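Participant: below are the sequence and a predicted model for it; my questions follow.
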Amino acid sequence: MTTQALIKDIESLSATLNEQQLSQFLDIMDAMAVLLAEAQSKAEAVPLKNQTVSRALDAVGVH
């Protein structure tokens, strides 16, 4: 899935949520961003695993 397609899907989903649901959804997205950033940092710190983690991050649209 491209980043643009992912953003479009998220926008469509968020339009269907009430304020509380949207707040919880955004909290989850923030937590996922932190986890991805940590994974990227660890991938850079461990060169042997770098390619595997990079492929996983690419698969979820993180560059």
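Facilitator: Nice, I can see it.

Participant: what about residue 1, neighbour count?
Facilitator: 10 (other C-beta atoms under 10 Å). Placement of C-beta: from N, CA and C, glycine included.

Participant: counting contacts, what elements does the longest helix belonging to the chain pack onto?
Facilitator: Counting residues, the longest helix in the chain under DSSP state H turns out to be helix 19-45. Packed against helix 19-45 by the contact rule (3 or more C-beta pairs under 8 Å, 6 or more residues apart in numbering; DSSP states H and E) you find helix 3-15, helix 47-59.

Participant: so what's the spatially closest residue to residue 10 that is not a sequence neighbour scoring on pLDDT?
Facilitator: Of all residues not flanking residue 10 in the chain, residue 29 sits nearest, at 7.7 Å (C-beta to C-beta, 6 or more residues apart in numbering). Looking at residue 29, its pLDDT reads 89.

Participant: can you check the one 5 residues further on too?
Facilitator: What the model reports for residue 34 is a pLDDT of 93.
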